[in-house]
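>>> give me the fold of what follows.
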Amino acid sequence: LLKYVEPDRIYGADPWQRSLDLCREHSVPGHLALCDYVPRELAFGRTNFDVVYAFSVFTHLSQPVATQVQRVLRERVNDNSLFAITIRPFEYWSEIDASLVPGIDLPSVERDHREHGFGFAPHSGVGETPFMEGDDPIYGETSMEVDWIRENWKEWRVIGSYCSTWDSLQQYVFLAPA
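Okay, here's the model as predicted:
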């Protein structure tokens, strides 16, 4: 982003303090803030954004958390903004390292994806990262279809998507406010 935007116009939020510490340790410029794992609002006050990207974020969120995050982001973008995310296709499940998700019920996750366009296998907690909010899993391994986004995220319209050229199990999705 530094090629296109001055550092004082770059903002980054993460729920994991260690990520922010690493950014500061390596002098990553911009405004960095800790956010909640299930955000109710976005950091940075009432700042609105023209471009938002979340790579390797929605590939790990449960359906309720993904829905909450996209709503919070929609509240903080301008009407002509671009929102870029990555998602994983159904084929991800045939390549997953099962050690990432001990006890995964792979047939159930694959069935959910085929039937609903969204598959999720929760992680169990590790270190300081909470993988549950109450009884609800919030973090794990996720796959979804672009059509699922179209049908469920009414705040956005899909304006494009394509598969990554370096990782066939990552798909880029570009959205604009609806």
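>>> pLDDT of stretch 118-137, averaged?
For stretch 118-137, mean pLDDT is 72.
>>> check stretch 18-34 too.
The model assigns stretch 18-34 a mean pLDDT of 96.
>>> same check, this time on stretch 76-91
97.
>>> got it, and stretch 143-158?
98.
>>> and the contacts of that stretch?
58-59, 66-67, 70-71, 74, 83, 87-90, 92-93, 109, 113, 116-120, 161, 171, 173-178 (C-beta atoms under 8 Å, 6 or more residues apart in numbering). In short, each C-beta sits where N, CA and C put it, glycine included.
>>> ends of it, what's the gap?
Criterion C-alpha to C-alpha, to the nearest Å; first-to-last residue distance in stretch 143-158 is 17 Å.
>>> what of stretch 121-139?
End-to-end for stretch 121-139, by C-alpha to C-alpha: 8 Å.
>>> again with stretch 7-20
16 Å.
>>> give the buried residues for it.
Y11, G12, A13, D14, P15, L20 (16 or more other C-beta atoms under 10 Å).
>>> contacts for it next, please.
1-2, 23, 28-37, 39, 42-44, 47, 49, 128-129.
>>> roughly how far out does the helix of greatest length in the chain sit from the chain middle?
Taking DSSP state H as the criterion, the chain has its longest helix at helix 63-75. The chain centre lies 9 Å from the centre of helix 63-75; the measure is C-alpha atoms, centre = their mean, to the nearest Å.
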